[in-house]
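[1] how would this look folded up:
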Amino acid sequence: MAVPKSKVSKSRRDKRRASNSRLDAPNMVKCPNCGEYNLNHRVCRSCGHYDGVEVVAKGDEKSAKKN
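    Below you'll find the model as predicted:
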């Protein structure tokens, strides 16, 4: 059974765990159609456009939820 030779102090343990919290924020870009920020390579949630083309019609989405 593996047993540590000496106690690992709280500061040493926490320094080792600190690298996990250094995550970068996701890349946000402005939608060229409406100007809202959204993630790269995703359809805009506010207007439904992607790469200058309307992919999701916002009026159709609301009526589909009612059915």
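[2] could you pull out the helices for the chain?
    Assigned by DSSP state H, the chain shows helices spanning 10-17, 58-66.
[3] worst mean pLDDT among these?
    For the helices of the chain, the weakest mean pLDDT is recorded on helix 58-66, namely a mean of 55.
[4] what does the residue most central in space within the chain show for phi and psi?
    Central residue of the chain (CA atoms, centre = their mean): Pro26, 5.2 Å from the mean position. Torsion angles at Pro26 (phi, psi; degrees, to the nearest 10) stand at phi -60, psi 150.
[5] how close does it sit to Val56?
    Per CB to CB, to the nearest Å, Pro26 is found 21 Å from Val56. (C-beta placed from N, C-alpha, C; glycine too.)
[6] then Cys44?
    From Cys44 across to Val56, the span is 9 Å (CB to CB).
[7] contacts for stretch 11-29?
    Residues from elsewhere that reach stretch 11-29 (CB atoms under 8 Å, 6 or more residues apart in numbering): 37-40.
[8] got a winner among these for most neighbours?
    Within the contacts of stretch 11-29, neighbour counts (other CB atoms under 10 Å) peak at Asn38, which reaches 18 neighbours.
[9] mind listing what the nearest residue to that residue once chain neighbours are set aside touches?
    Counting by CB to CB, 6 or more residues apart in numbering, the nearest residue to Asn38 once its immediate chain neighbours are dropped is Cys44, at 5.2 Å. Residues counted as contacts of Cys44 (CB under 8 Å, 6+ apart) are 31, 33-34, 36, 38, 50.
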